[in-house]
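Peer 1: Quick one, structure for this:
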Amino acid sequence: MANPVEQAFSVAGLAAHLGRGLGRVTADTIVGSRAGLPRSVGDLDTSTLSKVMGRRVRSVRVLSSDTGTSSRARLVLTGDGVPESVFVKIGASTAATRLMGELGRLGHTEVRFYSQLAPELAGVPEAYGTAFDTWTGRYLVILEDLPESCVFPDTLHPLSVDQASSIVELLASVHGTFWDRMRQNGRGPLAWLYTPSGDVTSLLTGSLMKASMKRLAEKNTVPVDFPVERGRFIAENYRAVAAVIDTPPHTVMHGDAHPGNVYFRDGEPGLLDWQAVRRGHPSRELAYTLITSLTPQDRQSAQRDLLDDYRRALAAAGGPELERDDLWLRYRQGALYAYVAPLITAGMGGMQVEDIAMEGLRRGVAALDDLETVAALEGALLAG
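Peer 2: Below is the predicted model of the structure:
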């Protein structure tokens, strides 16, 4: 049972967080395009790009653009020492999506990642400049424009076991780089990182899961026998089970390393979209990545070997030698996230193409079953 005092502080924290987000979205609406960073792709100009990149940009032309949790565009540039093209991300185009981004701190997190953490990592797009406006919440991230020869997977084009092994080794490199820098007292240069269960917005997750189950059950496009409610125990006990998988030790996690945020350049792996960087135990990340990236058949046959690959790579990258059976148990528990995130994505809609979202959810449901995740979580709660 939740501690009433802790619950009250969490509710108060959520209210304050919502208030800050609403305040920024409101401020952005009031000032329009008259102040601060650009509000839309069409507002990007040579002056802003020159200032953020620290290089003189003489001309800019939009090559292509799309929208989602952020607005994204490829730009063609001319100027002094500037690349021929760049990929940029700015705030979402609608107030509702902007508010969702504020709740997840998406823009501010990605700006912080590229300015503070990315310089130490491989397998990350090069950043030419970043900026964040604390008043309106507007942001600008200017990245290299990855070549068309790169391979970009998704759930409909799953990773091979060999590709998954290379991604696991890349994650181990990220985790190992920052393993000894995560202070448990919440201080230091990485104090802005928080666990998913420690985020005040986690108060909303259980309700979002239940709403997603209901919506999916009512959709004619979802097979009648599709078990969308298989994880109801998780929805009803979300904060408690999320705290289980967020038990230390912690390191820096990508936070959203599903196949759509993976790329391969000349066969070498990389990771995109660092908007959800968190602190946490690597088992959460490993479960999410392997379950969403591999077919259930490939995952079931290869996951133990892939976790062994990870353990070796983590130790080689400066991390500890994790105990094999403990990592396996925590991986089984961490599979809850590979169910929760696709469930909400598929149920609420608008964040991914429906076929891609539904395939991710199918894999999450399959993992709950064959990894016996609910039983592993129930056992942890009883033991605690």
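Peer 1: what's near enough to touch the closest residue to L306 other than its chain neighbours?
Peer 2: Nearest residue to L306, sequence neighbours excluded (CB to CB, 6 or more residues apart in numbering): V168, at 5.4 Å. Where C-beta positions appear, they are placed from N, C-alpha and C, glycine not excepted. Going by CB atoms under 8 Å, 6 or more residues apart in numbering, V168 touches 286, 289-290, 306-307, 309-310, 313.
Peer 1: Present the residues you listed as JSON lines; the columns should include neighbour count and distance to A338.
Peer 2: Below are those laid out as JSON lines (neighbours: other CB atoms under 10 Å; distance: CB to CB, whole Å):
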{"residue": "L286", "neighbour count": "27", "distance to A338": "10"}
{"residue": "T289", "neighbour count": "26", "distance to A338": "8"}
{"residue": "L290", "neighbour count": "28", "distance to A338": "8"}
{"residue": "L306", "neighbour count": "22", "distance to A338": "14"}
{"residue": "L307", "neighbour count": "22", "distance to A338": "14"}
{"residue": "D309", "neighbour count": "17", "distance to A338": "19"}
{"residue": "Y310", "neighbour count": "26", "distance to A338": "16"}
{"residue": "A313", "neighbour count": "20", "distance to A338": "21"}
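Peer 1: In helices, which of those fall?
Peer 2: 286, 289-290, 306-307, 309-310, 313 (DSSP state H).
Peer 1: where do the helices sit along the protein?
Peer 2: Assigned by DSSP H, the chain shows helices spanning 4-31, 46-53, 95-104, 106-112, 161-178, 205-218, 232-236, 238-245, 282-293, 296-316, 324-334, 337-348, 354-370, 373-383.
Peer 1: Can you say which of those helices is nearest to V86?
Peer 2: Closest of the helices of the chain to V86 is helix 46-53, at 8.3 Å (criterion: CB to CB).
Peer 1: Against which helices or strands is that closest one packed?
Peer 2: Applying 3 or more CB pairs under 8 Å, 6 or more residues apart in numbering; DSSP states H and E, we find helix 46-53 packed against strand 57-67, strand 71-79, strand 127-132, strand 139-144.
Peer 1: Buried deepest among those, which one?
Peer 2: Comparing the helices and strands packed on helix 46-53 by mean neighbour count (mean count of other CB atoms under 10 Å), strand 139-144 comes out on top with a mean of 22.
Peer 1: Packing partners of that strand?
Peer 2: The helices and strands touching strand 139-144, judged by 3+ CB pairs under 8 Å, 6+ apart, are helix 46-53, strand 85-90, helix 106-112, strand 127-132.
Peer 1: how about the ones you listed in JSON lines, adding distance to R230 and mean pLDDT?
Peer 2: Listed next are the helices and strands packed on strand 139-144 as JSON lines, based on distance: least, CB to CB, whole Å; pLDDT from 0 to 100:
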{"stretch": "helix 46-53", "distance to R230": "46", "mean pLDDT": "96"}
{"stretch": "strand 85-90", "distance to R230": "35", "mean pLDDT": "96"}
{"stretch": "helix 106-112", "distance to R230": "29", "mean pLDDT": "93"}
{"stretch": "strand 127-132", "distance to R230": "39", "mean pLDDT": "96"}
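Peer 1: Among these, which comes closest to L382?
Peer 2: Counting by CB to CB, L382 lies closest to helix 106-112 out of these; the figure is 34.8 Å.
Peer 1: Tell me how many other residues crowd the residue nearest to R279 when sequence neighbours are not counted.
Peer 2: Spatial nearest neighbour of R279, excluding adjacent residues (CB to CB, 6+ apart): L193 at 4.2 Å. The number of residues packed near L193 is 25, by other CB atoms under 10 Å.
Peer 1: Distance of L193 relative to R239?
Peer 2: Between L193 and R239 the computed distance is 19 Å (CB to CB, to the nearest Å).
Peer 1: thinking again about what came up before, could you dump the helices and strands packed on helix 46-53 into JSON lines and include distance to G270?
Peer 2: Listed next are the helices and strands packed on helix 46-53 as JSON lines, based on distance: least, CB to CB, whole Å:
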{"stretch": "strand 57-67", "distance to G270": "20"}
{"stretch": "strand 71-79", "distance to G270": "17"}
{"stretch": "strand 127-132", "distance to G270": "13"}
{"stretch": "strand 139-144", "distance to G270": "11"}
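Peer 1: mind checking which of the ones you listed is nearest R279?
Peer 2: For R279, the closest of the helices and strands packed on helix 46-53 is strand 127-132, at 20.0 Å, according to CB to CB.
Peer 1: The helices of the chain: which one's closest to L271?
Peer 2: If you check each of the helices of the chain against L271 by CB to CB, helix 161-178 wins as the nearest, at 6.7 Å.
Peer 1: what angle do that closest one and helix 282-293 make?
Peer 2: Direction vectors for helix 161-178 and helix 282-293, defined by axes from the mean of the first three to the mean of the last three CA atoms, to 10 degrees, enclose an angle of 150 degrees.
Peer 1: Report the angle between helix 161-178 and helix 296-316.
Peer 2: Helix 161-178 runs at 30 degrees relative to helix 296-316, counting by the same axes, to 10 degrees.
Peer 1: I'd assumed V76 was in contact with R61.
Peer 2: Yes - between R61 and V76 there is a contact at 4.5 Å, judged by CB atoms under 8 Å.
Peer 1: residue contacts, E236?
Peer 2: With contact set as CB under 8 Å, 6+ apart, E236 has these partners: G206.
Peer 1: Next up, the contacts around A164.
Peer 2: Contact analysis of A164 by CB under 8 Å, 6+ apart lists 289-290, 293-294, 298, 302, 306.
Peer 1: Which of the helices and strands in this protein ranks last by mean pLDDT?
Peer 2: Least confident helix or strand, the chain: helix 4-31 with a mean of 56, by mean pLDDT, DSSP states H and E.
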